[in-house]
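S.K.: quick check, what structure comes out for this input:
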Amino acid sequence: MSLDRAQPATERDSPDPAGKVNILLVDDRPDKLLAMQVLLSELHENVVSVPSGKEALRRLLREDFAVILLDVNMPGMDGFETAALIRSRSRSEATPIIFVSEIDPADNHVARGYSLGAVDYIQSPVVPEILRAKVAVFVELYRKTEMVRRQAAEHARFLQEQTARALAEAEMQRMTFLAEASDTLSTSLDQRQIFESLARLLVPRVGDLCLVDVLAGKGGLHQVAVAHSDPVVEESLRGLQCFAEENCAVQVLRTARPVFCDALTPDLLDSHFPQPECCEIVRGLQPTAYLAVPIFARQQLVGAISLLGTGGRVFETRTLALAESLAQRAAVALDNARLYRRAQDARLEAERANRAKDDFLAMLSHELRTPLTPVLATVLGLTEQEETPASLRPHLELIRRNVELETRLIDDLLDLTSISRGKLQLRLEVTDVHEILAAALAICRPDFEARALQVTCALQATRTLVAGDAARLQQVFWNVLKNAVKFTPPGGRISVSSWDSAPNGLIVEIRDSGFGILPEQLAKIFDAFEQVDRKNFGGLGLGLAISRSLVQLHRGEITAHSEGQGTGATFRIVLPTTDAPAQASTGQLVDVPVSAADGLRVLLVEDNADTNASLTWLLRRRGFDVISAHNVGTALALIDAHGLDVLISDLGLPDGSGLQVLAYALGKQPRLHAIALSGYGMAEDMQKSRDAGFRHHLVKPVDVQKLEEAIQLRDAVPVRHAAGAESAAQS
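M.R.: Residues are numbered from 1 along each chain as shown. The predicted structure is shown next:
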């Protein structure tokens with residue numbers, strides 16, 4: 001009997017101070033729990049009842065409580081032990097505890113209760129009015145405390161947001177200014193014009209007077225730009241040699257370090273501008289701050305920017321940083337020789353970004369696959385139910401087809417990632433190309449019929465054995481056939497033919513009467529993400545790119561040909577053949593099917609609630625005895641409590657990994673049949689599962705039929721050759 005009226009919390013948040021708060025009742029007697037629930041119902045709060053101290057601790061991990069009413073005498077962990085553990089956790093050390101007991105208050109147990117942090121001690125049977133009054137006090141205190149805490153947090157968050165917004169706005173203005181400066185400086189390749197633009201960018205945005213000087217012959221300085229908001233002052237300074245040999249601008253050129261002065265005194269002014277004519281003009285401006293920064297080009301120091309602040313303007317360290325940034329941008333505009341190095345850096349960055357893209361695609365595929373599993377499972381379950389109306393079945397079939405299409409697109413992205421990283425693995429064996437081609441044609445037959453296409457085959461090759469991956473070669477033929485179907489109008493024709501190619505080769509040709517390919521498109525038809533007419537035909541443009549890579553991995557070649565728009569297209573695939581007969585693999589594990597699902601105990605570990613519920617439902621409908629868990633901790637507890645025949649586990653769990661669950665389960669049952677579920681389907685992911693001890697690795701969205709087959713292939717036995725496998729299966 002459960003007296004718990006609180007909904008389980010999915011995450012631990014503080015309750016709304018204006019709403020209900022939680023009250024925890026802990027007592028091993030259901031009648032007392034029910035009685036106290038009735039007494040406290042008039043408070044209209046959320047009353048949570050648990051039958052033991054252990055369960056109380058579990059609830060405290062998930063929720064906060066305004067007050068805890070704790071029975072003293074309970075089997076196992078009594079009230080005093082429970083209170084001590086509650087007080088040992090920082091999160092609940094201040095939670096009020098009221099002991100409820102039938103023991104005489106004069107007993108020394110009362111003193112022990114207060115020593116453990118109890119705020120009150122009520123003797124049973126309780127007086128309803130007293131109980132409600134005491135609990136109401138703590139409820140109101142909790143609500144007010146939460147309100148104060150929330151207000152303080154909101155105020156702190158508001159101040160933090162204000163500060164962050166101000167910093168972000170200032171940084172945005174700075175970055176916008178620098179971006180505009182880069183655009184302005186890049187509009188010319190003339191040195192003087194670039195430095196003139198630089199000076200006008202600095203005035204008046206950064207300073208009030210700007211002088212730009214470059215190194216001249218014999219180590220001297222030559223003025224190339226001057227800017228001031230007053231044209232008269234600017235003209236009077238233009239062309240003057242303001243700096244002598246021993247001044248700060250020369251010091252910048254000698255040390256390659258900036259000079260910064262935020263309090264310009266008359267003596268310092270004389271040292272900065274020793275030339276009398278220039279110094280007189282500058283004195284009249286009443287300067288208050290000065291800085292100078294070096295300009296580098298081709299990794300060599302070529303000049304310096306001198307900047308003055310007048311009228312009380314003060315320079316800060318960020319002013320210096322901004323001036324240095326502008327000096328760097330001016331140097332980039334001048335430095336043609338550095339363009340090559342920058343291009344090299346850009347290439348390396350592009351490679352890094354490409355690797356990041358591959359990692360992102362792998363992660364994206366996992367996140368995209370996970371929600372597809374419950375959809376596919378639910379559709380299958382509804383399809384299998386006899387009571388499902390016939391009018392809904394076409395819609396369910398439509399959902400299934402589109403989920404499978406989505407899965408195919410995800411697989412294409414993963415294949416492209418594996419190919420680009422050189423990690424696509426082929427399972428090479430001697431196989432018949434004609435058989436593979438027939439399988440691909442069978443898969444595409446519904447598409448042929450839907451568009452009323454006339455398909456003819458003329459398979460005349462006599463050497464049809466190749467050393468290849470049958471699944472990958474079928475993927476190649478399927479991609480090319482689907483491409484032909486897509487670009488051939490209804491009623492069109494598709495022909496498939498094969499013939500021998502000297503000296504040891506096989507040619508497969510797929511020709512259609514479709515829209516054709518323009519000459520400029522033929523050159524990039526096998527490039528990733530290229531699509532002849534994406535607007536009208538859709539798709540990611542990955543099928544042909546993947547096909548070319550797969551054919552090349554088989555040491556073959558694929559080409560496309562078309563006479564132009566409206567003339568159809570021809571794809572030719574050339575593969576090397578072999579005369580070697582097919583040989584049985586050795587040292588394999590051959591799965592022996594189980595005759596029925598009845599009695600098989602299955603533990604399903606999946607943290608996604610929808611996937612867990614849908615797969616549990618479907619497997620139970622198929623006769624399996626399924627128990628489910630959402631995390632590692634629960635799974636380990638269930639393994640201890642129940643004997644298992646099959647473990648089905650997601651690899652990514654909120655508190656650990658499915659590999660941990662498997663290792664623990666194998667420690668209990670070394671021959672346990674384990675199946676991994678994952679949104680990651682790369683070759684290295686599957687290998688990692690096999691190395692850990694999983695017999696199967698199913699990629700989400702999970703095909704329930706394949707999952708059922710994997711469960712029933714439960715007893716794997718090692719064999720040395722095909723005959724041994726057959727005899728093992730018969731046994």
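S.K.: most distant residue from the middle of the protein?
M.R.: Using C-alpha atoms, centre = their mean, the residue of the chain lying farthest from its centre is Pro276. It sits 65.6 Å away.
S.K.: from Val282, how far off is that one?
M.R.: For Pro276, the distance to Val282 (C-beta to C-beta, to the nearest Å) stands at 11 Å. The way it works is simple: take the backbone N, C-alpha and C, and place the C-beta from them, glycine included.
S.K.: report the rounded mean pLDDT for the host helix or strand of Thr431.
M.R.: Assigned by DSSP states H and E, Thr431 falls within strand 429-432. Across strand 429-432, the average pLDDT comes to 90.
S.K.: which neighbours does it have in its sheet, and in what orientation?
M.R.: strand 465-468 (antiparallel) (DSSP bridges).
S.K.: can I get the strand it pairs with in CSV, CA atoms only?
M.R.: The C-alpha trace of strand 465-468 is given here as CSV (Å, rounded to 0.1, in the frame of the first residue of the first chain):
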residue,chain,number,x,y,z
LEU,A,465,33.3,-12.6,-58.0
VAL,A,466,34.9,-9.7,-56.2
ALA,A,467,36.8,-9.4,-52.9
GLY,A,468,34.6,-6.8,-51.2
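S.K.: after that strand, which helix or strand is next?
M.R.: Following strand 465-468 toward the C-terminus (DSSP H and E): helix 470-486.
S.K.: where do the helices sit along the stretch 51-200 of the chain?
M.R.: Using DSSP state H, counting those that start in this stretch, the helices of the stretch 51-200 of the chain run over 53-62, 79-88, 108-115, 128-185, 191-202.
S.K.: by how many degrees do the second one and helix 53-62 diverge?
M.R.: In other words, helix 79-88. 20 degrees (axes from the mean of the first three to the mean of the last three C-alpha atoms, to 10 degrees).
S.K.: and for the last one?
M.R.: Computed by the same axes, to 10 degrees, the angle separating helix 191-202 from helix 53-62 equals 120 degrees.
S.K.: can you pull the buried residues of helix 191-202?
M.R.: Residues of helix 191-202 classed as buried by neighbour count (16 or more other C-beta atoms under 10 Å): Gln191, Ile194, Phe195, Glu196, Ser197, Leu198, Ala199, Arg200, Leu201, Leu202.
S.K.: OK, contacts around the second one?
M.R.: In other words, Ile194. Shown in contact with Ile194 (C-beta atoms under 8 Å, 6 or more residues apart in numbering): Leu185, Ser188, Ala330, Ala333, Leu334.
S.K.: mind redoing it with 6 Å?
M.R.: Counting by C-beta atoms under 6 Å, 6 or more residues apart in numbering, Ile194 touches Leu185, Ser188, Ala330, Ala333.
S.K.: check the first one too.
M.R.: With contacts defined as C-beta under 6 Å, 6+ apart, Gln191 is in contact with no residue.
S.K.: from Leu209, how far off is it?
M.R.: With C-beta to C-beta as the criterion, Gln191 and Leu209 are 21 Å apart.
S.K.: and the second one, by the same measure?
M.R.: Using C-beta to C-beta, one gets 19 Å for the distance from Ile194 to Leu209.
S.K.: swap in the last one?
M.R.: When C-beta to C-beta is the yardstick, Leu202 and Leu209 sit 9 Å from each other.
S.K.: start to end distance for stretch 210-225?
M.R.: 8 Å (C-alpha to C-alpha, to the nearest Å).
S.K.: how many residues are close by the residue lying closest to Ile443 once chain neighbours are set aside?
M.R.: Closest residue in space to Ile443, ignoring its immediate chain neighbours: Trp478 at 6.0 Å, by C-beta to C-beta, 6 or more residues apart in numbering. By other C-beta atoms under 10 Å, 20 other residues sit near Trp478.
S.K.: didn't Trp478 look like it was pressed against Ala440?
M.R.: Yes: using C-beta atoms under 6 Å, Trp478 makes contact with Ala440 at a distance of 4.6 Å.
S.K.: on that earlier part again, could you dump the helices of the stretch 51-200 of the chain to TSV with mean pLDDT?
M.R.: As requested, these are exported to TSV (pLDDT from 0 to 100):
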stretch	mean pLDDT
helix 53-62	90
helix 79-88	87
helix 108-115	68
helix 128-185	85
helix 191-202	83
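S.K.: around Arg493, count how many other residues there are.
M.R.: That count, for Arg493 with other C-beta under 10 Å as the rule, works out to 15.
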